[in-house]
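Q: Below: sequence and its predicted model.
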Amino acid sequence: MIDRNRLLDHVRKLARSPRPAGSPALEAARSYVAAEFAACGWKVEPVPFEGIAEDGSRQAGINLIARHPALFTGEKPLFCVGAHVDSIPDSPGADDNASAVATLLEVAGALPAAVADETALDVELVAFDLEESGMLGGAFHARQAQADGIDLRGMASLEMLGYCDHRPGSQALPRSLVGLYPETGNFIAVIGNQNSEPLAARFRTGMQRVAGLPVETLLVPENGNLLQATRLSDHSPFWDAGYPALMITDTSFLRNPHYHTPGDTPETLDPVFLHRVAAGCLQAVCEVVAKGL
């Protein structure tokens with residue numbers, strides 16, 4: 001199943017230095033991810049793309065799409081699970097987003113043996129690029145799914161999975177959610193939009209199979225436009241394209257004081273929490289792929 005030592009080793013290797021757009025460190029991280037996918041038997045397709053970043057510049061990126069022969073027939077509806085590889089220029093991005101990429105790699109290693117022979121959905125794993133530039137990799141992949149007429153039943157974006165704080169009051173909340181969710185930052189959040197309730201229910205059911213992992217679910221109306229913090233990952237372009245999609249997250253800056261700082265290092269993460277979240281993601285993906293939507 002999920003190997004805790006290997007999970008943490010992935011984080012350390014990915015978070016050795018910042019991985020901003022166009023940097024040698026980002027290219028090295030992509031190469032590492034591609035090699036790890038391939039070592040687990042996944043066929044990896046690098047997909048170059050260009051997009052306009054939030055600062056108005058044109059940037060070029062590469063998404064890595066991984067498909068396993070035992071889990072992808074090309075004849076069934078599709079489920080996509082992804083995590084962005086890039087970081088901002090001044091942060092090694094251990095939580096944001098090496099923790100999620102490490103989880104994606106561990107899911108890749110365990111998933112073929114974890115699911116039954118008969119599955120309801122095909123599955124692809126995607127290492128997204130240029131999320132920090134404005135979810136450019138996710139937006140490109142969503143557009144391509146539409147253009148190609150893919151029967152995409154849903155996607156899950158893994159976004160910051162390893163920071164936990166068991167102290168009361170450690171979890172900040174948007175004003176509209178105060179009193180509705182815990183004020184202790186030791187849970188993992190499953191966030192969907194108005195189209196994602198069945199997918200969120202499947203994912204929550206899978207994650208709750210992991211002992212000691214509190215799971216909270218939030219469904220937001222209007223594609224999250226009334227609560228912008230819920231849009232800050234590669235799931236949001238899928239929402240805008242009409243697909244069910246989730247963000248799985250430790251809630252980012254609402255909990256982690258090291259968000260987008262040089263202090264986002266592997267030493268700040270909670271290895272027990274991250275291991276449980278990774279195990280929960282594996283169980284949740286199995287639930288979705290086996291039973292469908």
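A: Received it, and whenever you're ready, just let me know what you need.

Q: drop to CA atoms for contacts and neighbour counts, all remaining ones
A: Noted.

Q: Contacts only, for the nearest residue to residue 215 once chain neighbours are set aside.
A: Leaving aside its chain neighbours, residue 215 sits nearest to residue 188 (5.1 Å; criterion: C-alpha to C-alpha, 6 or more residues apart in numbering). Counting by C-alpha atoms under 8 Å, 6 or more residues apart in numbering, residue 188 makes contact with 161, 213-216, 248-251, 277.

Q: Buried only: go through those for me.
A: Buried members of the contacts of residue 188, scored by 16 or more other C-alpha atoms under 10 Å, are 161, 213, 215, 248-251, 277.

Q: and the two most separated of those residues?
A: Based on C-alpha to C-alpha, the longest span within the buried ones among the contacts of residue 188 runs between 213 and 251 and measures 14.7 Å.

Q: circling back: go through the buried ones among the contacts of residue 188 and flag which are in helices.
A: residue 277 (DSSP state H).

Q: Of the buried ones among the contacts of residue 188, which belong to strands?
A: Under the assignment DSSP state E, the buried ones among the contacts of residue 188 contribute 215, 248-249 to strands.

Q: would you turn these into CSV with pLDDT?
A: Compiled in CSV, these are given as follows (pLDDT from 0 to 100):
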residue, pLDDT
215, 98
248, 99
249, 98
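
Q: Okay, helices next: where are they in the protein?
A: 4-14, 24-39, 99-114, 136-147, 197-207, 236-240, 271-291.

Q: how about JSON lines for these, with distance to residue 183 added?
A: JSON lines is the format used below for the helices of the chain (distance: least, C-alpha to C-alpha, whole Å):
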{"stretch": "helix 4-14", "distance to residue 183": "27"}
{"stretch": "helix 24-39", "distance to residue 183": "35"}
{"stretch": "helix 99-114", "distance to residue 183": "23"}
{"stretch": "helix 136-147", "distance to residue 183": "31"}
{"stretch": "helix 197-207", "distance to residue 183": "20"}
{"stretch": "helix 236-240", "distance to residue 183": "25"}
{"stretch": "helix 271-291", "distance to residue 183": "17"}
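
Q: Reformat those helices into CSV and put distance to residue 68 and mean pLDDT next to each item.
A: Shown next, in CSV, are the helices of the chain (distance: least, C-alpha to C-alpha, whole Å; pLDDT from 0 to 100):
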stretch, distance to residue 68, mean pLDDT
helix 4-14, 20, 98
helix 24-39, 9, 98
helix 99-114, 8, 98
helix 136-147, 18, 98
helix 197-207, 21, 97
helix 236-240, 23, 98
helix 271-291, 13, 97
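
Q: Of those, which is nearest residue 165?
A: helix 271-291 (9.7 Å).

Q: Tell me what angle the closest one forms with helix 197-207.
A: 130 degrees (axes from the mean of the first three to the mean of the last three C-alpha atoms, to 10 degrees).

Q: which strands and helices sit next to helix 271-291?
A: helix 4-14, helix 99-114, helix 197-207 (3 or more C-alpha pairs under 8 Å, 6 or more residues apart in numbering; DSSP states H and E).

Q: tally of neighbours for residue 115?
A: 18 (other C-alpha atoms under 10 Å).
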